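J.: Sequence first, predicted coordinates after that:
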Amino acid sequence: DAGITQSPRHKVTETGTPVTLRCHQTENHRYMYWYRQDPGHGLRLIHYSYGVKDTDKGEVSDGYSVSRSKTEDFLLTLESATSSQTSVYFCAISPREGRDSPLHFGNGTRLTVT
Amino acid sequence: KQEVTQIPAALSVPEGENLVLNCSFTDSAIYNLQWFRQDPGKGLTSLLLIQSSQREQTSGRLNASLDKSSGRSTLYIAASQPGDSATYLCAVHSGNTPLVFGKGTRLSVIA
C-alpha cells in the first residue's frame, strides 16, 4: 500500500457533527490528495496538497477543509457532516507532480453520516 | 472540462480469454493516462502509466495503448484468470488539474 495509512477505516457519525479523517504516509512524498468514491460518480477530487501548508481545491471541495502541517500527514475535515457526505474517502500520494508520476492509494475510509 | 468514459461498465468472460477494456476522454491535450485496478473494499493499485508521447506500455499480461488524437486508450489483458476479477479504472492527467477518473469497468473472469 505504498506506506499509506488512513484512519479511521470506518466511521459512523451524526448529521451536523465535525469529522476529521487522517492520511499518514511514510514515503516522504510531496503530493497528497483526497478523493471520494460514490456509486454512479466514480472518484472525485476533494482537495490536494503540493507541500506543507500548500493546498488547493478539487472538483467537490464544498463542505470540506484540509490541513497539512507536516509532510507525512494530510487531514480532511468535514466541518458539519451531512448525509450527502456518506462515501468512501481515499487518500493518494505521489512523489512528483502528476504529469509523470503514478498515484498510490490508501485503503480508504468508509464514512456513514446518519 | 475533461471527461473520461469507460465502456462497458461490466464484463464477464471465461477464463483464458483475451479481453479489451476501453477508455475515452474528451480533451486530447493530456500529460498522461493511468490504468488502475480496484479490488472490493480496497484502494486503487496503479497498473500502467502512459505518457502523452508514448503509444503503449506493457506489464506482464497487460498492455495499454494510447491514441491521444482520437481520445482513446485500451487495456488488453491476455489469457485472463479468475484473479484478474476486479474493477479497472482509467484516469487522465491534463491541464492544471490532477487526475480525472472514469467510472470503471467491473470485470468478472469465470473459471
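T.: It's in.

J.: So in chain B, where's the weakest helix or strand by average pLDDT?
T.: Here the helix or strand of chain B ranked lowest by mean pLDDT, DSSP states H and E is strand B:97-101, holding a mean of 84.

J.: Strand partners (parallel or antiparallel) of that one?
T.: strand B:86-94 (antiparallel) (DSSP bridges).

J.: Could you list the alpha-carbon positions for the partner strand in PDB?
T.: Only the C-alpha atoms of strand B:86-94 are listed here, as PDB (Å, rounded to 0.1, in the frame of the first residue of the first chain):
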ATOM      1  CA  ALA B  86     -11.700  -6.600 -10.200                       C
ATOM      2  CA  THR B  87     -12.800  -3.100 -11.300                       C
ATOM      3  CA  TYR B  88     -10.500  -1.400 -13.700                       C
ATOM      4  CA  LEU B  89     -10.300   2.400 -13.800                       C
ATOM      5  CA  CYS B  90      -8.600   4.700 -16.200                       C
ATOM      6  CA  ALA B  91      -7.600   8.300 -15.300                       C
ATOM      7  CA  VAL B  92      -6.300  11.200 -17.300                       C
ATOM      8  CA  HIS B  93      -4.000  14.000 -16.200                       C
ATOM      9  CA  SER B  94      -4.400  17.200 -18.200                       C
END
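
J.: What average pLDDT does it get?
T.: Across strand B:86-94, the average pLDDT comes to 94.

J.: which residues does the residue sitting nearest the centre point of chain A contact?
T.: Nearest to the geometric centre of chain A sits residue A:34, at 2.7 Å (C-alpha atoms, centre = their mean). The neighbourhood of residue A:34, defined by C-beta atoms under 8 Å, 6 or more residues apart in numbering or on different chains, consists of A:21, A:23, A:45-48, A:58, A:64, A:66, A:74, A:76, A:89-92. Quick note: C-beta positions are derived from backbone N, CA and C, even for glycine.
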